[in-house]
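S.K.: Build me a structure from this.
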Amino acid sequence: MNAPATHGLLVDDDPLYLRTLQRTLARRGIDAVTAADIAGALQLAAQSPPAFALIDLKLGSESGLNLIQPLRELRQDMRILLVTGYASIATAVEAIKLGADDYLPKPATVQMILRALGEEDEGGEEPEEIEPPDSMTPISRLQWEHIQQAMHETGGNVSAAARLLGMHRRSLQRKLTKRPSPERDPNR
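M.R.: Sure, this is the predicted structure:
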């Protein structure tokens, strides 16, 4: 990367993750603003187009994929990284096709993020986890995200998504009405 990415945008619906990542990057001289949703991210980016954006794939009921093209339109040379705890080849390919520069699985280390941004970590420290390693995603949440991915890939067609998932359409409809609760902060 030609110039250091000193101004960034972090987009995630997990406030603990955002605060931790923002502080960790600040210790390395990288200033970043944070947003919890697509509207907030676009508002911040329009005010001051960042050098990079680190976007979570799942932003509540929204998809971080929907941010890639509008951000790219604001600044062509912006480094766009998609980060997710629900990594799959299909979403990685889609993210790259939409214009993302990289796709990282959560929990991403600061070194992974810096490498993806083209920065060197001069501290030479041990890899640092952004999220606490003991915070696992509940199986109900993983199942919900998998279903949402199938729904996205089939354009919202419940019957086609059910076939893709190998389940009966009515079973899928029942699961769609039972959205799992948000992940809990393990520090509460």
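
S.K.: Show the contacting residues for the most centrally placed residue in the chain.
M.R.: In the chain, the residue lying closest to the centroid (CA atoms, centre = their mean) is Asp56, at 1.2 Å. Asp56 makes contact with Val11, Asp12, Asp13, Asp14, Tyr17, Gly64, Leu82, Val83, Thr84, Lys106 under the criterion CB atoms under 8 Å, 6 or more residues apart in numbering. Just so you know, the C-beta spots here come from the backbone N, C-alpha and C atoms, and that holds for glycine as well.

S.K.: let's see 10 Å
M.R.: The neighbourhood of Asp56, defined by CB atoms under 10 Å, 6 or more residues apart in numbering, consists of 10-14, 17-18, 36, 62-64, 67, 82-86, 106.

S.K.: Over to Gly99?
M.R.: Residues in contact with Gly99 (CB under 10 Å, 6+ apart) are Leu65, Ile68, Gln69, Leu71, Arg72, Glu73, Gln76, Met78, Ile80.

S.K.: Report how many residues lie close to the second one.
M.R.: Taking other CB atoms under 10 Å as the criterion, the count of residues near Ile68 is 23.

S.K.: sec struct for it, please.
M.R.: Three-state call for Ile68 (DSSP: H, G, I helix; E, B strand; the rest coil): helix.

S.K.: Spit out the contact partners of it.
M.R.: By CB under 10 Å, 6+ apart, the contact set of Ile68 is 53, 55, 78, 80, 82, 94-101.

S.K.: for this structure, where's the lowest mean pLDDT among helices and strands?
M.R.: helix 139-153 (a mean of 74; mean pLDDT, DSSP states H and E).

S.K.: so what secondary structure elements neighbour that helix?
M.R.: If you count contacts as 3 or more CB pairs under 10 Å, 6 or more residues apart in numbering; DSSP states H and E, helix 139-153 packs onto strand 58-59, strand 62-63, helix 89-98, helix 158-165, helix 169-176.

S.K.: for Ala26, phi and psi?
M.R.: Here is the backbone geometry of Ala26 (degrees, to the nearest 10): phi -60, psi -40.

S.K.: can you pull up the bridge partners for the residue nearest to the centre of the chain?
M.R.: In this entry, Asp56 is beta-bridged to Val83, by DSSP bridges.
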